[in-house]
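Novice: Turn this into a structure:
(one chain, ligands or ions: 2)
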Amino acid sequence: MAPIDNTEYDYDLVVIGGGSGGLAASKEAASLGKKVCMLDFVTPTPRGISWGVGGTCVNVGCIPKKLMHHASLIGGEIEDAHFFGWQSKNGEPLKDNLKHDWSTLVTYVQNNIKGSNFSYRALLATQQVKYLNAYGTFVEPNKLRIVYKNSKEEFVTSRHFIIATGERPVYPNDCEGAEQYAITSDDLFSLPYSPGRTLVVGASYVALECAGFLRGLGYDVSVMVRSIVLRGFDRQCSEHVRNYMENYEHVKFIDRCVMKKIEEVRESKNGEAPLLRATYRHLESGEEFTDEFNTVMFAIGRKPCTDNIGLDVAGVELDSKGYIPVVNEQTNVPHIYAIGDVLQGKPQLTPVAIEAGVLLARRLYNDHNVNCDYINVPTTVFTPIEYGCCGYTEEEAIDKFGADDIEVYHQYFTPTEWKLNYYDRPRKPMNVCYAKVITTRSKDGDPRKETLLGFHFVGPNAGEVIQFTPFPLKMKATKADLDALIGIHPTCAEIFTMLPISKRSGKEATQQGCCG
Ligand code: FAD
Ligand code: NDP
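Specialist: Ligands and ions are numbered 1, 2, ... in the order given. Alright, predicted model coming up:
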């Protein structure tokens with residue numbers, strides 16, 4: 001914690017950034033009786049898009065993404081409704097009368113976002129947090145210059161600061177026309193025209209999730225993969241997600257290629273998407289290809305917003321990529337803290353930013369000593385078939401313990417709801433869902449000696465299924481503890497209570513019956 005400082009400041013705490021982490025820290029500090037100011041300012045995208053208070057999650061991240069993902073799943077459910085007896089009033093299958101309207105979806109999603117922006121402003125006011133819609137830059141270690149949209153400038157001083165400025169998507173610097181003609185996820189959720197034929201460049205969370213819901217809404221979607229999909233995730237599960245998207249959703253994958261040039265063939269007008277010509281290059285052969293798309297979206301990673309906020313003046317150290325190294329959220333400057341996506345080497349997820357912000361405020365302003373635990377953080381990729389996980393991947397477990405000293409239990413399965421006329425339902429085939437649990441290995445096969453290391457689940461509602469798996473991991477529970485659980489039937493999550501087959505056994509891991 002920072003040394004005692006008796007100087008008079010305008011505030012006890014100024015939080016720079018009003019996203020998930022900044023909001024949580026500000027409200028918690030104010031609830032503990034501190035005088036708090038929170039700044040939030042959105043620099044518009046190259047296409048001029050900006051949004052209200054709340055940061056990435058609520059405006060251009062988790063929330064609009066989940067709503068659009070849900071919109072695409074609804075389409076799939078309507079396709080299947082026929083087998084459950086639903087039809088149009090004149091007896092036709094609903095799927096034959098189905099059309100998606102992008103502008104309706106965007107309107108409702110944006111209304112929802114504006115409602116959240118309003119609630120945040122109201123909550124900040126009732127909780128006595130001074131909210132300023134202004135951009136903050138350090139001019140001294142305890143002083144910020146704040147600039148409003150109308151260029152008005154003021155200065156505020158504070159005893160403590162929390163940097164919670166998040167990240168923004170990047171454009172490649174070696175693709176002509178990228179910033180001019182392509183969009184990023186910051187533009188997608190309010191895109192004023194139906195995206196049409198879409199190329200998504202990148203192959204991680206953002207890319208696959210956006211490609212997935214766009215395809216589910218009916219668009220022709222291609223994904224350009226530079227190396228592998230979902231780097232950092234379990235390889236088998238990542239490839240499974242990709243294969244599902246490719247084989248059952250018909251997303252096209254363009255492998256081992258990078259973008260070279262984007263040109264405009266026809267500009268966007270009258271609410272219609274533009275037509276763009278994309279030139280891309282194969283990494284090994286060097287061969288160039290050209291194709292036309294209505295939308296090109298870069299999802300090639302994000303950059304921390306730490307380069308234009310005077311951190312050099314404040315003396316805050318950054319790593320080579322601009323992330324802030326911290327020890328328990330404290331930077332190298334004792335009175336300056338950081339939380340959320342700007343942190344070096346921490347999971348970049350909303351609940352992580354919130355937890356870190358709340359616990360930091362309690363440690364600073366209350367007699368509290370609990371630190372944020374960044375280990376065993378669960379996550380879910382909301383692709384057409386969702387993938388949730390927590391703990392070690394199979395590769396990480398092999399690296400750490402050796403292939404001989406881990407056990408991998410697994411099972412393919414089919415959700416009950418997918419079992420009606422599955423042969424007529426090409427998007428929901430049998431045995432395409434998958435569960436895998438990684439444990440340490442007991443050489444005598446005693447599950448009481450097999451400590452749980454990781455949970456992986458590919459199937460519907462993966463986030464709901466995976467949510468409580470950090471608990472047994474944190475408690476260092478064993479495979480025997482897991483086996484002792486009684487499932488809730490018929491659910492997908494019950495699969496984790498019935499995993500007798502290890503990969504090592506070589507036994508068939510597809511499911512045959514369903515109830516015993
Ligand atoms: P942010 O929420 O990014 O907030 C930072 C705020 O600070 C922004 O409003 C920014 O404009 C503002 N700011 C920056 N500089 C200044 C300055 N100098 N002065 C004033 N204000 C400033 N996470 C999940 O857990 N689940 C998901 O499903 C999920 N989906 C995602 C989908 C997408 C498309 C994206 C892009 C991200 C997703 N994430 C998801 C990640 C999640 O959104 C982030 O981890 C989270 O928002 C980080 O919170 P933060 O407080 O660190 O930063
Ligand atoms: P990532 O940094 O995880 O991935 C970037 C992707 O872009 C990789 O596939 C990378 O490929 C590729 N790439 C990088 N540069 C290029 C290039 N020049 N040309 C082509 N491809 C390129 O970024 P994301 O934006 O997907 O995610 C950022 C973070 O946001 C995540 O770590 C996650 O924490 C959070 N998030 C969480 C979500 C959730 O919880 N559901 C959803 C979305 C985001 P390569 O592997 O070859 O480097």
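Novice: For ligand 1, what's the nearest residue on the stretch 401-516 of the chain?
Specialist: Ranked by C-beta to the nearest ligand atom, the top residue of the stretch 401-516 of the chain for proximity to ligand 1 is Gly463, at 8.1 Å. (Glycine included, C-beta is placed from N, CA and C.)
Novice: Just give the number of residues close to that residue.
Specialist: 16 (other C-beta atoms under 10 Å).
Novice: need the residues of the stretch 351-500 of the chain near ligand 1, please.
Specialist: Counting by C-beta under 6 Å from any ligand atom, the stretch 351-500 of the chain comes close to ligand 1 at Pro351, Ala353.
Novice: now the helices: where do they sit in the stretch 351-500 of the chain?
Specialist: 394-401, 462-466, 470-474, 479-483 (DSSP state H, counting those that start in this stretch).
Novice: Just the buried residues of the helix-or-strand element of the chain with minimal mean pLDDT, please?
Specialist: Lowest by mean pLDDT, DSSP states H and E among the helices and strands of the chain is helix 62-81, with a mean of 96. Counting neighbours by 16 or more other C-beta atoms under 10 Å, one finds that the buried residues in helix 62-81 are 62-69, 71-73, 75-76, 79-80.
Novice: Same question for stretch 173-191.
Specialist: Those would be 175, 177-179, 181-191, for stretch 173-191 by 16+ other C-beta under 10 Å.
Novice: Which one of the residues you listed is nearest to ligand 1?
Specialist: Of the buried residues of stretch 173-191, the one sitting nearest to ligand 1 (C-beta to the nearest ligand atom) turns out to be Ser185, at 4.1 Å.
Novice: With adjacent residues omitted, what lies nearest to Tyr409?
Specialist: Among residues not flanking Tyr409 along the chain, Leu499 sits closest, at 4.1 Å (C-beta to C-beta, 6 or more residues apart in numbering).
Novice: sorry, back to before: quick one, which of the helices of the stretch 351-500 of the chain gets closest to ligand 2.
Specialist: It's helix 462-466; of the helices of the stretch 351-500 of the chain, that one is closest to ligand 2 (C-beta to the nearest ligand atom) at 8.2 Å.
Novice: Okay, now the unreliable bits of the chain?
Specialist: 1-3 (pLDDT under 70).
Novice: Might you enumerate the residues of it proximal to ligand 2?
Specialist: Checking the chain against ligand 2 by C-beta under 6 Å from any ligand atom, the hits are 172, 201-207, 209, 226-228, 231, 258, 299-302, 347-349, 379-382.
Novice: Now go through the residues you listed and say which are in strands.
Specialist: Residues of the residues of the chain next to ligand 2 located in strands (DSSP state E): Val201, Val258, Arg302, Thr379, Thr380, Val381.
Novice: Now the two most distant members of those.
Specialist: Val258 and Thr380 (28.2 Å; C-beta to C-beta).
Novice: Between those two, tell me which one has more neighbours.
Specialist: Thr380 (22 against 17).
Novice: hang on, isn't Cys372 packed against Leu359?
Specialist: Yes. Counting by C-beta atoms under 8 Å, Cys372 touches Leu359, with 5.1 Å between them.
Novice: returning to what we had before: so which of the helices of the stretch 351-500 of the chain is the most surrounded?
Specialist: Mean neighbours per residue, mean count of other C-beta atoms under 10 Å, is largest over those for helix 462-466, with a mean of 20.
Novice: who does that helix touch, helix- and strand-wise?
Specialist: strand 379-381, strand 387-391, strand 452-458 (3 or more C-beta pairs under 8 Å, 6 or more residues apart in numbering; DSSP states H and E).
Novice: Same list (those) but as JSON lines, adding distance to Trp51.
Specialist: JSON lines is the format used below for those (distance: least, C-beta to C-beta, whole Å):
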{"stretch": "strand 379-381", "distance to Trp51": "24"}
{"stretch": "strand 387-391", "distance to Trp51": "28"}
{"stretch": "strand 452-458", "distance to Trp51": "32"}
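Novice: can you tell which of those strands is closest to Lys149?
Specialist: strand 379-381 (34.7 Å).
Novice: And the contacts of that closest one?
Specialist: Identification of contacts with strand 379-381 by C-beta atoms under 8 Å, 6 or more residues apart in numbering yields 205, 208-209, 230, 233, 241, 347, 349, 386-390, 462-463, 466.
Novice: centre of the chain versus it, how much separation?
Specialist: The chain centroid and the centroid of strand 379-381 are separated by 7 Å under C-alpha atoms, centre = their mean, to the nearest Å.
Novice: ok, now stretch 155-170?
Specialist: The chain centre lies 21 Å from the centre of stretch 155-170; the measure is C-alpha atoms, centre = their mean.
Novice: Repeat that for stretch 139-151.
Specialist: When C-alpha coordinates are averaged (C-alpha atoms, centre = their mean), stretch 139-151 and its chain have centres 31 Å apart.
Novice: what's the answer for stretch 127-138, then?
Specialist: 26 Å.
Novice: Now look at it and say if it contacts ligand 1.
Specialist: Yes. On the criterion C-beta under 6 Å from any ligand atom, stretch 127-138 is in touch with ligand 1 at Tyr135, Gly136.
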